[in-house]
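Asks: After the sequence you'll find the predicted model.
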Amino acid sequence: MIDDWSPHFWRGRKATECLVLHYTANESLAEAVDMMRARGVSAHYIVGIDGETRRLVRERDRAWHAGQSAWNGKDQVNQRSIGIELVNFGWGEALEQGHIRRTEDGALRLAASPPVAVRDDRPDSAGFVWAAFPEAQMLAVLELVRAVVGRQKLDPTQVIGHEHVAPGRKRDPGPGFPWPRITAALARVSHRERPVARAVQSHCTRLGFPPAGGIDGAWGAGTEAVIARLVARHGAYYGLTAPGKSWAARRAFAELLRTIPG
């Protein structure tokens with residue numbers, strides 16, 4: 001772990017409720033750090049393609065990583081979260097001679113990272129190609145996520161992506177991110193009922209099925225109703241079925257919901 005402190009943060013923060021994963025949309029850690037500082041944003045950590053990890057903001061302070069966002073029925077996610085940036089090219093419009101291609105500000109960019117197969121039924125993502133997350137990077141990310149979840153006593157269902165807290169505005173870490181590996185890495189971390197319920201309600205809301213009673217952490221008829229609607233819409237494509245009555249089944253459902261992009 002290398003300390004590379006960012007000047008862009010606010011001292012102090014409310015209690016941590018979630019951990020938000022991002023990608024940088026490039027392939028260089030140094031370039032990503034420079035870009036973040038030039039844009040006046042930050043995260044608590046950044047993990048390079050080779051697994052190099054830098055700490056940019058102390059966990060007790062507020063990093064500027066989520067922007068306009070909402071989760072667990074609350075806005076200002078930066079006040080309640082830890083942010084981790086992953087160096088990754090992200091999406092491209094197509095493949096060109098085996099490389100992911102993206103046009104930015106009129107300039108053509110080609111990725112060095114290989115593409116990865118994804119599941120994404122969003123019309124506005126049709127034809128997109130997504131960059132893989134290398135093994136060295138994922139091992140470092142999994143170690144860091146386990147450590148943060150342990151220190152902050154987070155519920156495992158509250159490890160989420162930028163696209164989950166800012167749907168329609170952000171795409172990261174994208175459908176190429178291996179969420180099942182996060183699930184497996186946190187399998188032995190115990191869950192709590194209300195954070196699990198809030199995670200399911202938050203995912204339903206960002207996918208267009210908000211519970212009538214809002215995101216209140218109570219698993220009742222309203223939550224069951226929107227789950228039924230969500231499964232009817234996305235179940236066949238993503239392999240979703242409504243969870244059973246046990247909280248272990250509801251936790252597994254929440255963890256599966258984070259694999260649905262957008």
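Replies: Happy to help now that I have it.
Asks: The residue lying closest to V159 once chain neighbours are set aside: what secondary structure?
Replies: For V159, ignoring the flanking residues on the chain, the nearest one in space by Cβ to Cβ, 6 or more residues apart in numbering is L19 at 4.7 Å. Just so you know, the C-beta spots here come from the backbone N, C-alpha and C atoms, and that holds for glycine as well. Secondary structure, DSSP: H, G, I helix; E, B strand; the rest coil: L19 is strand.
Asks: Quick check, pLDDT for L19.
Replies: Model confidence at L19, given as pLDDT, is 98.
Asks: Let me see the residues that make contact with the lowest-mean-pLDDT helix or strand in the chain.
Replies: Least confident helix or strand, the chain: strand 94-96 with a mean of 88, by mean pLDDT, DSSP states H and E. For strand 94-96, the external contacting residues (Cβ atoms under 8 Å, 6 or more residues apart in numbering) are I100, R101, L110, P115, G127, V129.
Asks: same check, this time on stretch 201-210
Replies: 71-73, 164-165, 167, 211, 214-217, 223, 226-227, 229-230, 233-234, 254, 257-258, 260, 262.
Asks: Also stretch 229-247?
Replies: With Cβ under 8 Å, 6+ apart as the test, stretch 229-247 has contacts from 119, 121, 191, 193, 196, 204, 207, 209, 224, 227-228, 249-250, 252-253, 256-257, 259-260.
Asks: buried stuff in it?
Replies: Across stretch 229-247, burial judged by 16 or more other Cβ atoms under 10 Å covers L230, V231, H234, Y238, L240, P243.
Asks: still on that earlier bit, out of the contacts of stretch 201-210, which are inside strands?
Replies: Among the contacts of stretch 201-210, DSSP state E puts W71 in strands.
Asks: Could I have the buried ones of the contacts of stretch 201-210 as ChimeraX selection syntax?
Replies: Selection of buried members from these for ChimeraX, criterion 16+ other Cβ under 10 Å:
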select :71,72,164,165,167,211,215,216,217,223,226,227,230,234,254,257,258,260,262
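Asks: Tell me which of the contacts of stretch 201-210 fall in helices.
Replies: H164, V165, T223, V226, I227, R229, L230, R233, H234, A254, L257 (DSSP state H).
Asks: ok, back up a step: quick one: which of the contacts of strand 94-96 is most hemmed in?
Replies: Each of those was scored for neighbours by other Cβ atoms under 10 Å, and I100 scores highest at 25 neighbours.
Asks: Bridge partners for that one, pull those for me.
Replies: Applying DSSP bridges to I100 gives these bridge partners: L95.
Asks: ok, back up a step: how about JSON lines for the buried residues of stretch 229-247, with distance to V159 and pLDDT added?
Replies: Listed next are the buried residues of stretch 229-247 as JSON lines, based on distance: Cβ to Cβ, whole Å; pLDDT from 0 to 100:
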{"residue": "L230", "distance to V159": "20", "pLDDT": "97"}
{"residue": "V231", "distance to V159": "23", "pLDDT": "97"}
{"residue": "H234", "distance to V159": "21", "pLDDT": "93"}
{"residue": "Y238", "distance to V159": "19", "pLDDT": "94"}
{"residue": "L240", "distance to V159": "19", "pLDDT": "94"}
{"residue": "P243", "distance to V159": "18", "pLDDT": "97"}
